[in-house]
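Peer 1: Next comes the sequence, and after it the predicted model I'd like to discuss.
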Amino acid sequence: MMPYRNVSLRSIINHFCNMCYDIKTSLETQLKRAIRFGQLDAILEIEEKLRPFSESNLHHVSGYAHPKLYIYTNESPKIPVISLWGLVPNWVKTEVQFLKFWNATLNARVETIFEKPSFKHSAKHQRCLIYVDGFYEHHHYKGKTYPFYIKNKSDLPLCFAGLWSDWLNPATGELINTFSIVTRKGNPFMAKIHNNPKLKEPRMPLMLNNEMEAEWLNIAPLSLNKLATQASEIELSAHTVGRLRGNAYLGNVAEVSERHKYEELVF
């Protein structure tokens, strides 16, 4: 397998200028849709055969680590498939190109997914759902950044709209499934948090309610206004957490998403 987890300095710098690149999820959360549709045999198979090889408890993970997640595609809407974060179009020819695309396609802006060469085929034909417990974003205040954890106020999982693509490695014959999280302009709540001065506007993941989940997977013509309106109906809550980088970072442990107070920050 290729050395997927190479991370460039540019990617690390870009991490602080964009979103959504940090999430929290668990195997339980990722399987809830399958449970909802009664796919008990599939769930048991995943539990028995795949759990030892999957990263089941991701209290905090960066997209630049390219974790394996279970996603639900328009071709498999009830049974999840393992996919790597970072969409690579099937027309990419070499491993070098693969790595170039991988770090640049963690997110896809919903406003341009039907235009960008990397995403337009997937936007029309290959959509998916990604389930998470929450996500992390950095707030800028007096020249410093402060990490926030954002989740559904009801504590239910969040469903992100996504795009997927499978890529055949010509050198090894390995078929690799990859995905990107679709983002939209931040709503008023997220605008208070995602205030990076280097960006023209706040951003946030495109979140879907149950009705919009089905519409997203049906590969039907999309109303971006409808998507944005219904996504805004999902009420979020947020709190500051400890540092997600550097020596103070706790790592992939449950405590990483717990509330941490910064005395100098008024929010």
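Peer 2: Yes, it's here.
Peer 1: where does the stretch 51-200 of the chain have low pLDDT?
Peer 2: 51-56 (pLDDT under 70).
Peer 1: the helices in the stretch 51-200 of the chain, which residues?
Peer 2: Taking DSSP state H, counting those that start in this stretch as the test, the helices found in the stretch 51-200 of the chain are 95-104, 120-125, 188-193.
Peer 1: Of all those helices, which one is nearest Ile219?
Peer 2: Nearest of the helices of the stretch 51-200 of the chain to Ile219, taken as Cβ to Cβ: helix 120-125 at 6.4 Å. The C-beta positions use only the backbone N, C-alpha and C, and glycine is treated the same way.
Peer 1: follow-up on the earlier one: out of the helices of the stretch 51-200 of the chain, which gets nearest to Leu208?
Peer 2: Distance to Leu208, taken as Cβ to Cβ, is lowest for helix 120-125 among the helices of the stretch 51-200 of the chain, at 14.9 Å.
Peer 1: Surely Glu258 touches Thr240?
Peer 2: No - between Glu258 and Thr240 there is no contact under Cβ atoms under 8 Å: 10.2 Å.
Peer 1: Neighbour count: those two, which is higher?
Peer 2: Thr240 (16 against 13; other Cβ atoms under 10 Å).
Peer 1: Now do the contacts for that one.
Peer 2: 139, 146-149, 259-262, 265, 267 (Cβ atoms under 8 Å, 6 or more residues apart in numbering).
Peer 1: try Pro157
Peer 2: Here Pro157 is in contact with 25, 29, 32, 131-133 (criterion: Cβ under 8 Å, 6+ apart).
Peer 1: Next: Lys120.
Peer 2: Per Cβ under 8 Å, 6+ apart, neighbours of Lys120: 113-114.
Peer 1: Equivalent analysis for Thr73, please.
Peer 2: Contacts of Thr73 by Cβ under 8 Å, 6+ apart are 81, 126-128, 164, 217.
Peer 1: Show me which of the contacts of Pro157 is closest to Ala191.
Peer 2: The nearest one, if we look at those relative to Ala191 and count by Cβ to Cβ, is Val132, at 20.7 Å.
Peer 1: Span of stretch 166-185 from start to end?
Peer 2: 28 Å (Cα to Cα, to the nearest Å).
Peer 1: So which bits of that stretch are buried?
Peer 2: 167, 169, 176-185 (16 or more other Cβ atoms under 10 Å).
Peer 1: Distance-wise, check the residue nearest the centre of the chain relative to Glu263.
Peer 2: Taking Cα atoms, centre = their mean, the centroid of the chain lies closest to Ile181, which sits 4.5 Å from it. In this view, Ile181 and Glu263 are 33 Å apart by Cβ to Cβ, to the nearest Å.
Peer 1: just Thr183 next, same as before
Peer 2: Per Cβ to Cβ, Thr183 is found 32 Å from Glu263.
Peer 1: contacting residues for the residue nearest to Leu168 when sequence neighbours are not counted?
Peer 2: Nearest residue to Leu168 in three dimensions, chain neighbours excluded: Leu175, at 5.4 Å (Cβ to Cβ, 6 or more residues apart in numbering). The contact partners of Leu175, by Cβ under 8 Å, 6+ apart, come to 166-169.
Peer 1: which stretches of the stretch 101-250 of the chain form strands?
Peer 2: Under the criterion DSSP state E, counting those that start in this stretch, the stretch 101-250 of the chain carries strands at the ranges 107-109, 127-132, 134-141, 144-152, 158-168, 175-185, 203-205, 236-240.
Peer 1: and the first one, what does it pack onto?
Peer 2: Strand 107-109 is packed against strand 175-185, with contacts defined by 3 or more Cβ pairs under 8 Å, 6 or more residues apart in numbering; DSSP states H and E.
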